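Peer 1: sequence? don't have it. structure:
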(Lines give C-alpha, C1' and ligand atoms only; values in the text may rest on other atoms or scores of the structure.)
Protein backbone atom coordinates (compact mmCIF):
# COMPACT_ATOMS: atom_id res chain seq x y z
CA UNK A 1 0.00 0.00 0.00
CA UNK A 2 1.28 3.47 -0.84
CA UNK A 3 2.08 5.76 2.05
CA UNK A 4 -0.23 8.68 2.70
CA UNK A 5 2.61 11.21 2.52
CA UNK A 6 6.33 11.09 1.87
CA UNK A 7 8.60 13.70 3.43
CA UNK A 8 9.36 15.18 0.00
CA UNK A 9 5.64 15.47 -0.83
CA UNK A 10 5.03 17.24 2.47
CA UNK A 11 7.89 19.63 1.74
CA UNK A 12 6.59 20.33 -1.77
CA UNK A 13 3.10 21.01 -0.43
CA UNK A 14 4.21 23.28 2.41
CA UNK A 15 7.33 24.95 0.93
CA UNK A 16 9.25 23.30 3.75
CA UNK A 17 12.64 21.63 4.11
CA UNK A 18 13.16 17.92 4.81
CA UNK A 19 15.42 16.86 7.67
CA UNK A 20 15.56 13.08 7.78
CA UNK A 21 13.54 11.16 5.22
CA UNK A 22 10.29 9.46 6.31
CA UNK A 23 6.90 8.26 5.14
CA UNK A 24 3.64 8.81 7.01
CA UNK A 25 0.39 6.84 6.92
CA UNK A 26 -1.71 9.21 9.04
CA UNK A 27 -1.85 12.84 10.18
CA UNK A 28 -2.66 14.39 13.57
CA UNK A 29 -2.02 17.60 15.46
CA UNK A 30 -3.04 16.16 18.83
CA UNK A 31 -0.23 14.06 20.29
CA UNK A 32 -2.82 11.92 22.09
CA UNK A 33 -4.15 10.73 18.73
CA UNK A 34 -0.78 9.70 17.30
CA UNK A 35 -0.35 6.07 16.29
CA UNK A 36 2.63 4.30 14.75
CA UNK A 37 3.60 5.80 11.39
CA UNK A 38 1.71 9.09 11.73
CA UNK A 39 2.77 12.61 10.84
CA UNK A 40 2.55 14.99 13.79
CA UNK A 41 1.90 18.66 13.03
CA UNK A 42 3.19 20.85 15.86
CA UNK A 43 0.55 23.56 15.78
CA UNK A 44 1.03 26.82 17.61
CA UNK A 45 -2.18 28.27 19.02
CA UNK A 46 -3.40 30.74 21.59
CA UNK A 47 -3.70 28.15 24.35
CA UNK A 48 -0.76 25.83 23.70
CA UNK A 49 2.17 24.99 21.45
CA UNK A 50 2.36 21.58 19.79
CA UNK A 51 6.16 21.69 19.93
CA UNK A 52 5.85 20.97 23.65
CA UNK A 53 4.38 17.57 22.83
CA UNK A 54 6.88 16.37 20.23
CA UNK A 55 8.37 13.94 22.74
CA UNK A 56 4.98 12.32 23.37
CA UNK A 57 4.25 12.18 19.65
CA UNK A 58 7.49 10.39 18.75
CA UNK A 59 7.17 8.12 21.78
CA UNK A 60 3.75 7.11 20.43
CA UNK A 61 5.31 6.16 17.09
CA UNK A 62 5.21 9.29 14.94
CA UNK A 63 7.18 8.78 11.73
CA UNK A 64 7.93 12.48 11.39
CA UNK A 65 6.69 15.95 12.17
CA UNK A 66 5.98 19.35 10.66
CA UNK A 67 7.66 21.95 12.86
CA UNK A 68 8.75 25.57 12.88
CA UNK A 69 11.56 24.95 15.38
CA UNK A 70 14.74 22.87 15.17
CA UNK A 71 14.44 19.29 16.44
CA UNK A 72 16.55 16.13 16.18
CA UNK A 73 13.84 13.77 14.90
CA UNK A 74 12.76 13.40 11.23
CA UNK A 75 10.77 16.45 10.21
CA UNK A 76 9.80 19.02 7.63
CA UNK A 77 10.67 22.55 8.74
CA UNK A 78 8.23 25.31 7.78
CA UNK A 79 7.75 28.94 8.72
CA UNK A 80 4.17 28.47 9.98
CA UNK A 81 2.72 25.09 10.98
CA UNK A 82 -0.89 26.33 10.89
CA UNK A 83 -0.41 27.43 7.28
CA UNK A 84 1.33 24.12 6.59
CA UNK A 85 -1.76 22.20 7.71
CA UNK A 86 -3.88 24.16 5.23
CA UNK A 87 -1.28 23.67 2.51
CA UNK A 88 -1.23 19.92 3.11
CA UNK A 89 -5.02 19.74 2.98
CA UNK A 90 -5.02 21.76 -0.23
CA UNK A 91 -2.40 19.47 -1.79
CA UNK A 92 -4.44 16.41 -0.88
CA UNK A 93 -7.46 17.89 -2.63
CA UNK A 94 -5.40 18.71 -5.72
CA UNK A 95 -3.97 15.22 -6.10
CA UNK A 96 -7.22 13.26 -5.67
CA UNK A 97 -9.57 12.07 -8.38
CA UNK A 98 -12.30 11.42 -5.83
CA UNK A 99 -15.80 12.80 -6.06
CA UNK A 100 -16.19 15.19 -3.14
CA UNK A 101 -19.23 16.16 -1.06
CA UNK A 102 -19.44 19.01 1.44
CA UNK A 103 -22.10 19.03 4.17
CA UNK A 104 -23.23 21.90 6.36
CA UNK A 105 -26.36 23.00 8.19
CA UNK A 106 -27.54 24.20 11.57
CA UNK A 107 -28.69 20.70 12.48
CA UNK A 108 -28.11 17.22 11.09
CA UNK A 109 -24.79 17.78 9.36
CA UNK A 110 -22.78 15.16 11.26
CA UNK A 111 -25.50 12.51 10.95
CA UNK A 112 -25.93 13.28 7.24
CA UNK A 113 -22.16 13.14 6.70
CA UNK A 114 -22.00 9.74 8.41
CA UNK A 115 -25.00 8.42 6.49
CA UNK A 116 -23.55 9.58 3.17
CA UNK A 117 -20.23 7.96 4.03
CA UNK A 118 -21.99 4.68 4.89
CA UNK A 119 -23.93 4.80 1.62
CA UNK A 120 -20.87 5.40 -0.54
CA UNK A 121 -18.61 3.01 1.37
CA UNK A 122 -21.23 0.28 0.93
CA UNK A 123 -20.82 0.51 -2.84
CA UNK A 124 -17.03 1.05 -2.81
CA UNK A 125 -15.71 -0.63 0.36
CA UNK A 126 -12.57 1.00 1.68
CA UNK A 127 -12.64 3.70 -1.00
CA UNK A 128 -14.77 6.29 0.83
CA UNK A 129 -13.27 8.83 3.23
CA UNK A 130 -14.89 11.30 5.60
CA UNK A 131 -14.07 13.76 8.32
CA UNK A 132 -14.23 12.03 11.68
CA UNK A 133 -16.04 13.20 14.81
CA UNK A 134 -17.08 16.82 14.22
CA UNK A 135 -13.83 17.98 12.66
CA UNK A 136 -15.57 20.74 10.74
CA UNK A 137 -13.73 24.00 11.51
CA UNK A 138 -10.64 25.87 10.28
CA UNK A 139 -8.33 23.14 11.62
CA UNK A 140 -10.58 20.09 11.38
CA UNK A 141 -11.38 20.48 7.68
CA UNK A 142 -7.79 20.74 6.40
CA UNK A 143 -6.80 17.90 8.75
CA UNK A 144 -9.56 15.71 7.30
CA UNK A 145 -8.41 16.57 3.79
CA UNK A 146 -4.79 15.80 4.65
CA UNK A 147 -5.88 12.37 5.93
CA UNK A 148 -7.60 11.41 2.65
CA UNK A 149 -5.91 8.34 1.10
CA UNK A 150 -4.61 8.53 -2.46
CA UNK A 151 -6.95 5.76 -3.61
CA UNK A 152 -10.12 7.46 -2.34
CA UNK A 153 -13.11 7.38 -4.71
CA UNK A 154 -15.51 9.40 -2.55
CA UNK A 155 -14.71 12.08 0.02
CA UNK A 156 -17.29 13.54 2.44
CA UNK A 157 -16.43 16.59 4.50
CA UNK A 158 -18.47 18.30 7.19
CA UNK A 159 -18.15 22.08 7.43
CA UNK A 160 -19.33 24.26 10.29
CA UNK A 161 -19.26 27.95 11.10
CA UNK A 162 -20.02 30.45 13.83
CA UNK A 163 -19.37 33.64 11.85
CA UNK A 164 -19.81 34.97 8.31
CA UNK A 165 -16.97 34.13 5.94
CA UNK A 166 -15.85 30.96 7.68
CA UNK A 167 -17.66 28.57 5.35
CA UNK A 168 -16.49 30.49 2.29
CA UNK A 169 -12.89 29.75 3.30
CA UNK A 170 -13.55 26.10 4.12
CA UNK A 171 -15.50 25.31 0.96
CA UNK A 172 -12.70 26.72 -1.20
CA UNK A 173 -10.37 24.21 0.47
CA UNK A 174 -12.76 21.30 -0.02
CA UNK A 175 -13.98 22.28 -3.52
CA UNK A 176 -16.96 19.89 -3.45
CA UNK A 177 -18.71 18.43 -6.45
CA UNK A 178 -21.85 18.25 -4.31
CA UNK A 179 -22.75 20.70 -1.52
CA UNK A 180 -25.54 19.99 0.97
CA UNK A 181 -27.27 22.34 3.39
CA UNK A 182 -29.27 20.11 5.73
CA UNK A 183 -31.40 22.72 7.50
CA UNK A 184 -31.34 26.28 8.84
CA UNK A 185 -32.08 26.84 12.53
CA UNK A 186 -31.29 29.46 15.18
CA UNK A 187 -27.95 28.00 16.24
CA UNK A 188 -25.16 30.47 17.13
CA UNK A 189 -27.69 33.28 17.38
CA UNK A 190 -25.30 35.04 19.74
CA UNK A 191 -23.23 35.79 16.61
CA UNK A 192 -26.03 36.51 14.12
CA UNK A 193 -28.83 39.07 14.17
CA UNK A 194 -31.35 36.82 12.41
CA UNK A 195 -31.98 33.40 10.93
CA UNK A 196 -31.65 35.02 7.50
CA UNK A 197 -28.05 35.89 8.32
CA UNK A 198 -27.46 32.28 9.35
CA UNK A 199 -28.90 31.10 6.02
CA UNK A 200 -26.59 33.48 4.15
CA UNK A 201 -23.58 32.17 6.08
CA UNK A 202 -24.56 28.53 5.39
CA UNK A 203 -25.10 29.37 1.73
CA UNK A 204 -21.41 30.20 1.45
CA UNK A 205 -20.78 26.46 1.00
CA UNK A 206 -21.90 26.77 -2.61
CA UNK A 207 -19.11 29.25 -3.41
CA UNK A 208 -16.56 26.43 -3.55
CA UNK A 209 -18.49 24.14 -5.88
CA UNK A 210 -16.53 22.65 -8.75
CA UNK A 211 -17.73 23.66 -12.20
CA UNK A 212 -21.03 21.93 -12.96
CA UNK A 213 -21.45 20.91 -9.32
CA UNK A 214 -24.71 20.11 -7.57
CA UNK A 215 -26.31 22.10 -4.75
CA UNK A 216 -28.77 20.31 -2.47
CA UNK A 217 -31.18 22.66 -0.69
CA UNK A 218 -33.83 21.84 1.96
CA UNK A 219 -37.21 22.31 0.29
CA UNK A 220 -39.16 22.65 3.53
CA UNK A 221 -36.97 25.46 4.88
CA UNK A 222 -38.43 28.97 4.95
CA UNK A 223 -35.03 30.03 3.63
CA UNK A 224 -35.20 27.80 0.55
CA UNK A 225 -35.33 30.77 -1.85
CA UNK A 226 -32.40 32.44 -0.13
CA UNK A 227 -30.29 29.28 -0.40
CA UNK A 228 -31.24 28.73 -4.04
CA UNK A 229 -30.20 32.31 -4.80
CA UNK A 230 -26.87 31.70 -3.06
CA UNK A 231 -26.30 28.53 -5.08
CA UNK A 232 -27.33 30.02 -8.42
CA UNK A 233 -24.04 31.64 -9.47
CA UNK A 234 -21.97 28.56 -8.55
CA UNK A 235 -23.98 25.38 -9.18
CA UNK A 236 -24.58 23.58 -12.43
CA UNK A 237 -27.59 21.83 -10.89
CA UNK A 238 -29.77 22.84 -7.94
CA UNK A 239 -31.94 20.15 -6.36
CA UNK A 240 -34.34 20.52 -3.45
CA UNK A 241 -35.05 17.70 -1.00
CA UNK A 242 -37.75 17.35 1.62
CA UNK A 243 -41.18 16.15 2.62
CA UNK A 244 -43.19 18.82 0.86
CA UNK A 245 -44.95 18.37 -2.48
CA UNK A 246 -42.80 19.93 -5.17
CA UNK A 247 -39.38 18.92 -3.82
CA UNK A 248 -37.08 17.46 -6.48
CA UNK A 249 -36.21 14.63 -4.08
CA UNK A 250 -39.13 13.82 -1.81
CA UNK A 251 -40.68 11.08 0.27
CA UNK A 252 -43.88 9.96 -1.43
CA UNK A 253 -44.48 7.75 1.59
CA UNK A 254 -42.86 7.57 5.01
CA UNK A 255 -44.46 4.95 7.22
CA UNK A 256 -43.24 4.47 10.78
CA UNK A 257 -42.52 0.79 11.42
CA UNK A 258 -43.40 -1.16 14.55
CA UNK A 259 -39.75 -0.92 15.58
CA UNK A 260 -37.79 2.32 15.54
CA UNK A 261 -37.41 2.68 11.78
CA UNK A 262 -39.36 4.18 8.88
CA UNK A 263 -40.28 2.65 5.54
CA UNK A 264 -39.64 5.34 2.91
CA UNK A 265 -40.47 5.53 -0.77
CA UNK A 266 -38.31 8.28 -2.22
CA UNK A 267 -38.84 9.97 -5.57
CA UNK A 268 -35.80 11.37 -7.39
CA UNK A 269 -35.85 13.26 -10.72
CA UNK A 270 -35.29 10.09 -12.74
CA UNK A 271 -35.73 7.19 -10.32
CA UNK A 272 -37.61 5.82 -7.33
CA UNK A 273 -36.38 3.78 -4.37
CA UNK A 274 -38.09 2.16 -1.40
CA UNK A 275 -35.95 1.47 1.65
CA UNK A 276 -36.09 1.11 5.40
CA UNK A 277 -34.52 3.94 7.38
CA UNK A 278 -33.21 2.67 10.70
CA UNK A 279 -33.13 6.07 12.42
CA UNK A 280 -36.46 7.39 13.75
CA UNK A 281 -37.96 10.83 13.20
CA UNK A 282 -39.01 13.08 10.31
CA UNK A 283 -35.72 14.94 10.49
CA UNK A 284 -33.93 11.71 9.60
CA UNK A 285 -36.23 11.17 6.64
CA UNK A 286 -35.15 14.59 5.37
CA UNK A 287 -31.48 13.76 6.01
CA UNK A 288 -31.87 10.49 4.10
CA UNK A 289 -33.35 12.29 1.11
CA UNK A 290 -30.32 14.60 1.04
CA UNK A 291 -28.07 11.54 1.16
CA UNK A 292 -29.86 9.92 -1.78
CA UNK A 293 -29.57 13.14 -3.77
CA UNK A 294 -25.84 13.31 -3.09
CA UNK A 295 -25.29 9.63 -3.92
CA UNK A 296 -27.11 10.12 -7.22
CA UNK A 297 -25.13 13.27 -8.06
CA UNK A 298 -21.80 11.62 -7.17
CA UNK A 299 -22.42 8.57 -9.35
CA UNK A 300 -22.99 6.21 -6.45
CA UNK A 301 -25.32 3.22 -6.17
CA UNK A 302 -28.80 4.11 -4.87
CA UNK A 303 -29.71 0.51 -4.05
CA UNK A 304 -26.59 0.10 -1.93
CA UNK A 305 -27.35 3.45 -0.30
CA UNK A 306 -30.77 2.18 0.70
CA UNK A 307 -29.22 -0.88 2.32
CA UNK A 308 -26.73 1.29 4.18
CA UNK A 309 -29.48 3.54 5.53
CA UNK A 310 -31.29 0.47 6.82
CA UNK A 311 -28.19 -0.73 8.66
CA UNK A 312 -27.14 2.56 10.25
CA UNK A 313 -26.99 2.63 14.01
CA UNK A 314 -27.34 5.73 16.16
CA UNK A 315 -24.23 7.85 16.59
CA UNK A 316 -22.75 8.45 20.03
CA UNK A 317 -24.35 11.63 21.35
CA UNK A 318 -26.59 11.85 18.29
CA UNK A 319 -29.32 9.29 18.69
CA UNK A 320 -27.47 6.24 19.98
CA UNK A 321 -29.85 3.96 21.89
CA UNK A 322 -29.06 1.96 25.00
CA UNK A 323 -31.03 -0.67 26.86
CA UNK A 324 -30.42 -0.08 30.54
CA UNK A 325 -31.37 -2.44 33.33
CA UNK A 326 -33.60 -1.05 36.05
CA UNK A 327 -35.39 -2.68 38.93
CA UNK A 328 -38.20 -4.74 37.51
CA UNK A 329 -37.07 -4.69 33.89
CA UNK A 330 -35.35 -2.39 31.41
CA UNK A 331 -35.62 1.13 30.03
CA UNK A 332 -34.63 2.82 26.76
CA UNK A 333 -31.98 5.55 26.91
CA UNK A 334 -31.71 7.84 23.87
CA UNK A 335 -28.38 9.67 23.77
CA UNK A 336 -28.66 13.09 22.10
CA UNK A 337 -26.13 14.65 24.47
CA UNK A 338 -23.68 16.03 21.92
CA UNK A 339 -25.41 19.28 21.05
CA UNK A 340 -28.69 21.17 21.01
CA UNK A 341 -30.45 24.14 19.48
CA UNK A 342 -34.16 24.99 19.30
CA UNK A 343 -34.77 23.05 16.08
CA UNK A 344 -32.96 19.89 17.14
CA UNK A 345 -34.65 20.00 20.54
CA UNK A 346 -38.07 20.12 18.89
CA UNK A 347 -37.18 17.30 16.48
CA UNK A 348 -35.90 14.93 19.15
CA UNK A 349 -38.78 15.69 21.52
CA UNK A 350 -41.16 14.82 18.68
CA UNK A 351 -39.29 11.55 18.23
CA UNK A 352 -39.57 10.84 21.96
CA UNK A 353 -43.31 11.49 21.73
CA UNK A 354 -43.59 8.91 18.94
CA UNK A 355 -41.91 6.19 21.02
CA UNK A 356 -44.30 3.41 21.96
CA UNK A 357 -43.51 2.92 25.64
CA UNK A 358 -44.84 0.66 28.36
CA UNK A 359 -43.80 3.12 31.01
CA UNK A 360 -43.25 6.87 30.86
CA UNK A 361 -41.40 9.40 28.74
CA UNK A 362 -38.65 11.20 30.60
CA UNK A 363 -36.66 14.10 29.11
CA UNK A 364 -33.37 15.37 30.52
CA UNK A 365 -32.82 18.69 28.76
CA UNK A 366 -29.66 20.75 29.14
CA UNK A 367 -29.25 24.43 28.37
CA UNK A 368 -28.88 25.53 24.76
CA UNK A 369 -25.82 27.73 24.40
CA UNK A 370 -24.84 30.60 22.07
CA UNK A 371 -28.40 31.92 21.64
CA UNK A 372 -27.56 35.44 22.80
CA UNK A 373 -30.41 37.80 23.66
CA UNK A 374 -32.92 35.30 22.28
CA UNK A 375 -31.93 32.63 24.81
CA UNK A 376 -34.84 33.05 27.24
CA UNK A 377 -37.44 33.04 24.47
CA UNK A 378 -36.02 29.94 22.80
CA UNK A 379 -35.85 28.04 26.08
CA UNK A 380 -39.43 29.01 26.97
CA UNK A 381 -40.43 27.87 23.48
CA UNK A 382 -39.61 24.28 24.44
CA UNK A 383 -42.75 24.10 26.61
CA UNK A 384 -44.97 23.38 23.59
CA UNK A 385 -42.96 20.43 22.17
CA UNK A 386 -42.53 19.00 25.69
CA UNK A 387 -46.31 18.98 26.17
CA UNK A 388 -46.92 17.74 22.62
CA UNK A 389 -44.56 14.81 23.24
CA UNK A 390 -46.54 13.83 26.36
CA UNK A 391 -43.42 13.92 28.49
CA UNK A 392 -44.26 12.63 31.96
CA UNK A 393 -41.19 13.94 33.77
CA UNK A 394 -38.70 16.56 32.61
CA UNK A 395 -35.36 17.26 34.29
CA UNK A 396 -33.99 20.66 33.28
CA UNK A 397 -30.25 21.21 33.59
CA UNK A 398 -28.51 24.60 33.70
CA UNK A 399 -29.30 28.20 34.55
CA UNK A 400 -30.58 29.00 31.03
CA UNK A 401 -33.44 26.57 31.70
CA UNK A 402 -34.84 28.72 34.53
CA UNK A 403 -37.36 30.59 32.31
CA UNK A 404 -38.69 27.27 30.98
CA UNK A 405 -38.97 25.90 34.51
CA UNK A 406 -41.18 28.85 35.45
CA UNK A 407 -43.42 28.38 32.43
CA UNK A 408 -43.84 24.63 32.87
CA UNK A 409 -44.88 25.08 36.49
CA UNK A 410 -47.44 22.44 37.38
CA UNK A 411 -48.09 21.39 33.76
CA UNK A 412 -45.65 18.48 33.97
CA UNK A 413 -43.61 16.84 36.71
CA UNK A 414 -40.41 18.83 36.60
CA UNK A 415 -37.03 19.02 38.33
CA UNK A 416 -34.56 21.85 37.74
CA UNK A 417 -30.90 21.30 38.65
CA UNK A 418 -27.79 23.45 38.11
CA UNK A 419 -25.54 20.93 36.35
CA UNK A 420 -25.23 17.43 34.90
CA UNK A 421 -23.86 15.86 38.06
CA UNK A 422 -26.90 17.09 39.98
CA UNK A 423 -29.23 15.46 37.45
CA UNK A 424 -28.09 11.89 38.03
CA UNK A 425 -29.81 11.26 41.36
CA UNK A 426 -33.28 12.56 40.41
CA UNK A 427 -33.04 10.72 37.09
CA UNK A 428 -32.15 7.42 38.75
CA UNK A 429 -35.05 7.86 41.15
CA UNK A 430 -37.43 8.56 38.26
CA UNK A 431 -36.55 5.69 35.91
CA UNK A 432 -38.76 2.63 35.88
CA UNK A 433 -39.25 -0.41 33.64
CA UNK A 434 -40.56 0.41 30.17
CA UNK A 435 -39.56 4.07 30.35
CA UNK A 436 -37.99 5.98 27.44
CA UNK A 437 -35.41 8.56 28.50
CA UNK A 438 -34.15 11.31 26.20
CA UNK A 439 -30.95 13.12 27.18
CA UNK A 440 -30.20 16.24 25.13
CA UNK A 441 -28.33 19.52 25.63
CA UNK A 442 -25.43 21.59 24.40
CA UNK A 443 -22.15 19.71 24.55
CA UNK A 444 -20.70 22.08 27.14
CA UNK A 445 -23.39 20.96 29.61
CA UNK A 446 -21.58 17.63 30.02
CA UNK A 447 -24.65 15.42 29.70
CA UNK A 448 -22.52 12.77 27.95
CA UNK A 449 -21.16 11.84 31.38
CA UNK A 450 -24.71 11.28 32.58
CA UNK A 451 -25.39 8.98 29.62
CA UNK A 452 -22.14 7.10 30.24
CA UNK A 453 -22.99 6.58 33.91
CA UNK A 454 -26.40 5.13 33.06
CA UNK A 455 -25.34 3.09 30.03
CA UNK A 456 -22.35 1.54 31.77
CA UNK A 457 -24.26 0.73 34.92
CA UNK A 458 -21.75 2.70 36.99
CA UNK A 459 -24.27 5.18 38.34
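Peer 2: The structure has been received and is ready for your questions. Owing to the predicted nature of the structure, the values given are computational and were not obtained by experimental measurement. Numbers count the residues shown, from 1 in each chain.
Peer 1: only C-alpha atoms for contact and neighbour calcs from this point on.
Peer 2: Noted.
Peer 1: From residue 157, how far off is the residue minimising distance to the centre of the chain?
Peer 2: Centre of the chain computed as the mean C-alpha position; nearest residue by Cα atoms, centre = their mean is residue 110, 1.8 Å away. Distance, residue 110 to residue 157, by Cα to Cα, to the nearest Å: 9 Å.
Peer 1: do the same with residue 394
Peer 2: 36 Å.
Peer 1: quick one: which of these two has more around it?
Peer 2: Using other Cα atoms under 10 Å, the more surrounded residue of residue 394 and residue 157 is residue 157, with 31 against 23.
Peer 1: burial count for residue 172?
Peer 2: Neighbour number of residue 172 under other Cα under 10 Å is 17.
Peer 1: and it, helix, strand or coil?
Peer 2: Following DSSP: H, G, I helix; E, B strand; the rest coil, residue 172 is assigned to helix.
Peer 1: quick one: it and residue 210 touch, right?
Peer 2: No - under the criterion of Cα atoms under 8 Å, residue 172 is not in contact with residue 210, lying 9.4 Å apart.
Peer 1: I figured the residue nearest to the centre of the chain was touching residue 158, is that so?
Peer 2: Yes - judged on Cα under 8 Å, residue 110 makes contact with residue 158 at a distance of 6.7 Å.
Peer 1: any shared contact partners between these two?
Peer 2: Contact with both residue 110 and residue 158 is made by residues residue 134, according to Cα atoms under 8 Å, 6 or more residues apart in numbering.
Peer 1: Check the secondary structure at residue 402 for me.
Peer 2: Quick answer, by three-state DSSP: residue 402 is helix.
Peer 1: So it versus residue 381, what's the distance?
Peer 2: From residue 402 to residue 381 the distance is 12 Å (Cα to Cα).
Peer 1: What of residue 175?
Peer 2: Taken as Cα to Cα, the span from residue 175 to residue 381 is 38 Å.
Peer 1: Looking at those two, which is more packed in?
Peer 2: For residue 175 versus residue 381, neighbours defined as other Cα under 10 Å are more numerous around residue 175 (24 against 16).
Peer 1: Please name the nearest non-neighbouring residue to that one.
Peer 2: Nearest residue to residue 175 in three dimensions, chain neighbours excluded: residue 208, at 4.9 Å (Cα to Cα, 6 or more residues apart in numbering).
Peer 1: and that neighbour, backbone torsions?
Peer 2: phi -100, psi 0 (degrees, to the nearest 10).
Peer 1: Could you give the number of residues near it?
Peer 2: The burial count for residue 208: 24, using other Cα under 10 Å.
Peer 1: correct me, but it touches residue 168?
Peer 2: Yes - contact criterion Cα under 8 Å: residue 208 and residue 168 qualify, at 7.1 Å.
Peer 1: Domain map for the protein?
Peer 2: 5-82, 96-311, 320-456 (automatic domain parsing).
Peer 1: Please name every helix or strand in contact with the host helix or strand of residue 350.
Peer 2: Under the criterion of DSSP states H and E, residue 350 resides in helix 342-354. Judged by 3 or more Cα pairs under 8 Å, 6 or more residues apart in numbering; DSSP states H and E, helix 342-354 is in contact with helix 383-388, strand 436-440.
Peer 1: deepest of those, which one?
Peer 2: strand 436-440 (a mean of 26; mean count of other Cα atoms under 10 Å).
Peer 1: relative to helix 342-354, how tilted is it?
Peer 2: With axes from the mean of the first three to the mean of the last three Cα atoms, to 10 degrees defining the directions, strand 436-440 sits at 170 degrees from helix 342-354.
Peer 1: Show me where the stretch 151-300 of the chain dips below the pLDDT cut-off.
Peer 2: Where the stretch 151-300 of the chain drops to pLDDT under 70, the residues are 258-260.
Peer 1: Just the terminal-to-terminal distance for stretch 25-45.
Peer 2: Using Cα to Cα, the two ends of stretch 25-45 sit 25 Å apart.
Peer 1: Now do that stretch: distance to the chain's middle.
Peer 2: 22 Å (Cα atoms, centre = their mean, to the nearest Å).
Peer 1: quick one on the thing from earlier: which of the domains of the chain sits closest to residue 89?
Peer 2: Of all these, it is domain 96-311 that lies closest to residue 89, at 4.3 Å by Cα to Cα.
Peer 1: now the end-to-end length of that closest one.
Peer 2: Using Cα to Cα, first and last residues of domain 96-311 are 29 Å apart.
Peer 1: ranges for the strands of the stretch 251-400 of the chain?
Peer 2: Ranges of strands in the stretch 251-400 of the chain, per DSSP state E, counting those that start in this stretch, are 262-268, 271-277, 320-326, 329-336, 361-366, 393-397.
Peer 1: Burial-wise, tell me which of the ones you listed comes out on top.
Peer 2: strand 361-366 (a mean of 26).
Peer 1: what is the mean pLDDT for that one?
Peer 2: Averaged across strand 361-366, pLDDT comes to 97.
Peer 1: Show me what it is in contact with.
Peer 2: Contacts of strand 361-366 (Cα under 8 Å, 6+ apart): 352-353, 390-398, 401, 420, 431, 435-442, 445, 447.
Peer 1: still on that earlier bit, mind putting the domains of the chain in JSON lines, distance to residue 88 included?
Peer 2: JSON lines is the format used below for those (distance: least, Cα to Cα, whole Å):
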{"stretch": "domain 5-82", "distance to residue 88": "6"}
{"stretch": "domain 96-311", "distance to residue 88": "6"}
{"stretch": "domain 320-456", "distance to residue 88": "30"}
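Peer 1: Packed most tightly, which of the ones you listed would that be?
Peer 2: domain 96-311 (a mean of 21).
Peer 1: Distance from the chain centre to that one, please.
Peer 2: Using Cα atoms, centre = their mean, the offset of domain 96-311 from its chain centre is 11 Å.
Peer 1: can you check stretch 327-342 too?
Peer 2: Worked out by Cα atoms, centre = their mean, stretch 327-342 lies 18 Å from the chain centre.
Peer 1: and the nearest residue to residue 127 once chain neighbours are set aside, backbone torsions?
Peer 2: The shortest distance from residue 127 to any non-neighbouring residue, by Cα to Cα, 6+ apart, is to residue 152 (4.7 Å). Phi and psi for residue 152, reported as degrees, to the nearest 10, are phi -60, psi 140.
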